[in-house]
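1. take a look and give me a structure for this.
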Amino acid sequence: MLEDVEEKIRGGLALSQAFAAQGDTFPRIYVASILAGERSGSLDEVLMRYVSYQKTITEARRKIKKSLTYPAVLFSASIILVMVLSTYVIPQFMKLYAGQEGNLPVVTTTVVAIADFISANLTWLIPTVIGTVIFLLFWRRTPTGRLRIDQWTLRLPVGGETVRMLTIAQFTRSLATLLAGGITLPESVEIASESITNRALRASSAGVLTGIREGRPFTDSLEASGWVSELALDMIGVGERSGALREMLDEVANFYDGEVEVRLNTITTFIEPIILIFMGSLVMTILLAMYLPLFNMIGNLSGGRG
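-> Numbers count the residues shown, from 1 in each chain. This next block holds a predicted model:
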């Protein structure tokens, strides 16, 4: 592809046109940045600004993955623990209580019934779970599936607000990068909207560009979309009225980057002990269910001897 870009440049095309000819391989904001650099005659400065933008976005994604990795590992370990206990540990213990099913405590009979159900239906439970995961992965790649999942994500009690904050940061940073390169506001809004990864929020932002083209202020058009916070709107409004829109967009992005980082750390801090408590409670319940009949048998034997 880079060789094709070189050939097109040698053939007389502008650098931005040569990259745009590669389709969706290169982000549109990158092509737009090159175009802005060509127009302003400061291509090197524009490209360095884009590199800085890309570093910031990449660092934010890295922090998100880092924050969610440990809870995901704990959750996976919980599922494996349940499977091992249900299919191996509990059946081994039940051999000790053969013939005493009617005298077992309620907690023991309940745990054994669940374990028996899992063990007896593994042949279809495992394929069903795997099939469901595969279906969701493929469905998520379809436009309808991606939109539906994004809508569900926004309804999550804590996660939905975090996604909105992250989107505000990414949108305003993209917009500031484009405006700094000399791209007009309508073009910048159109391109920056494509950087919104949540399809539901992207659909809500469709009217922003229409409002700007109809002559309405950018802040009013953004407010009409219904998903940008009041604080961000106030800050953007101050920047628009004072003629420092680009600088204020950078401030909004930096502020919400920090807010997202704090919120992710808080979520991780709460999720980890919750999962650990769940795992501990699960193990304690199973141990109690398995050992309680044994303690009762020992107590009965001791009572009989006495």
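
2. and the helices in the stretch 201-306 of the chain?
-> Along the stretch 201-306 of the chain, counting by DSSP state H, counting those that start in this stretch, helices occupy 206-213, 218-225, 230-242, 245-305.

3. residue 59: which of the ones you listed is closest?
-> helix 245-305 (8.8 Å; Cβ to Cβ). For every residue, glycine as well, the C-beta is placed using N, CA and C.

4. determine the set of other helices and strands touching that closest one.
-> On a contact count with 3 or more Cβ pairs under 8 Å, 6 or more residues apart in numbering; DSSP states H and E, helix 245-305 meets helix 43-84, helix 90-94, helix 106-120, helix 159-180, helix 230-242.

5. export these to CSV and tack on mean neighbour count and distance to residue 29?
-> Shown next, in CSV, are these (neighbours: other Cβ atoms under 10 Å; distance: least, Cβ to Cβ, whole Å):
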stretch, mean neighbour count, distance to residue 29
helix 43-84, 14, 8
helix 90-94, 16, 55
helix 106-120, 15, 49
helix 159-180, 23, 6
helix 230-242, 16, 19
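
6. comparing those helices by mean pLDDT, which bottoms out?
-> Lowest mean pLDDT of the helices and strands packed on helix 245-305: helix 90-94, a mean of 74.

7. residue 225 touches residue 209, doesn't it?
-> No. Look at residue 225 against residue 209 with Cβ atoms under 8 Å: they stay out of range, at 10.4 Å.

8. okay, these two: which has more neighbours?
-> Using other Cβ atoms under 10 Å as the criterion, residue 225 and residue 209 rank with residue 209 on top: 19 against 16.

9. what confidence value was assigned to the more buried one?
-> According to the prediction, residue 209 has pLDDT 89.

10. residues contacting residue 260?
-> Going by Cβ atoms under 8 Å, 6 or more residues apart in numbering, residue 260 touches 60, 64, 162, 165, 166, 169.

11. which single one of those residues is nearest to residue 248?
-> Among the contacts of residue 260, and counting by Cβ to Cβ, the member closest to residue 248 is residue 169, at 13.5 Å.

12. skipping its backbone neighbours, what lies nearest the closest one in space?
-> In this structure, residue 169 finds its nearest non-sequential neighbour in residue 256, 3.8 Å apart by Cβ to Cβ, 6 or more residues apart in numbering.

13. measure that neighbour to residue 234 for me?
-> In this view, residue 256 and residue 234 are 13 Å apart by Cβ to Cβ, to the nearest Å.

14. do residue 166 as well
-> 19 Å.

15. just to revisit the earlier point, I'd like the contacts of residue 260 as CSV, with distance to residue 105 appended.
-> Converted to CSV, those look like this (distance: Cβ to Cβ, whole Å):
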residue, distance to residue 105
60, 52
64, 45
162, 43
165, 49
166, 49
169, 54
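
16. give me every residue that touches the residue lying closest to residue 107 once chain neighbours are set aside.
-> Leaving aside its sequence neighbours, residue 107 sits nearest to residue 289 (Cβ to Cβ, 6+ apart; 4.7 Å). Residues counted as contacts of residue 289 (Cβ under 8 Å, 6+ apart) are 90, 105, 107, 108, 110, 111, 112.

17. please redo it, this time with the cut-off set to 7 Å
-> Residue 289 sits next to 107, 108, 111 when contact means Cβ atoms under 7 Å, 6 or more residues apart in numbering.

18. out of the residues you listed, who's nearest residue 148?
-> Among the contacts of residue 289, and counting by Cβ to Cβ, the member closest to residue 148 is residue 111, at 36.5 Å.

19. so what's the closest one closest to, chain neighbours aside?
-> residue 289 (3.9 Å).

20. need the pLDDT of that neighbour.
-> For residue 289, the predicted pLDDT is 80.

21. for it, give its distance to residue 277.
-> Taken as Cβ to Cβ, the span from residue 289 to residue 277 is 18 Å.

22. now do residue 294
-> 26 Å.

23. same thing with residue 15?
-> Relative to residue 277, and taking Cβ to Cβ, residue 15 is found at 57 Å.

24. ok, those two, which is more surrounded?
-> Counted by other Cβ under 10 Å, residue 15 and residue 277 do not tie: residue 15 has more neighbours, with 16 against 10.

25. what's the distance between the more buried one and residue 52?
-> 20 Å.

26. hmm, who's touching stretch 86-98?
-> Here stretch 86-98 has contacts from 104, 111, 112, 115, 118, 119, 122, 286, 290, 293, 294, using Cβ under 7 Å, 6+ apart.

27. if we use 10 Å, what do you get?
-> With contact meaning Cβ atoms under 10 Å, 6 or more residues apart in numbering, stretch 86-98 is reached by 81, 84-85, 100-101, 103-104, 108, 111-112, 114-119, 122, 286-287, 289-291, 293-294, 297.
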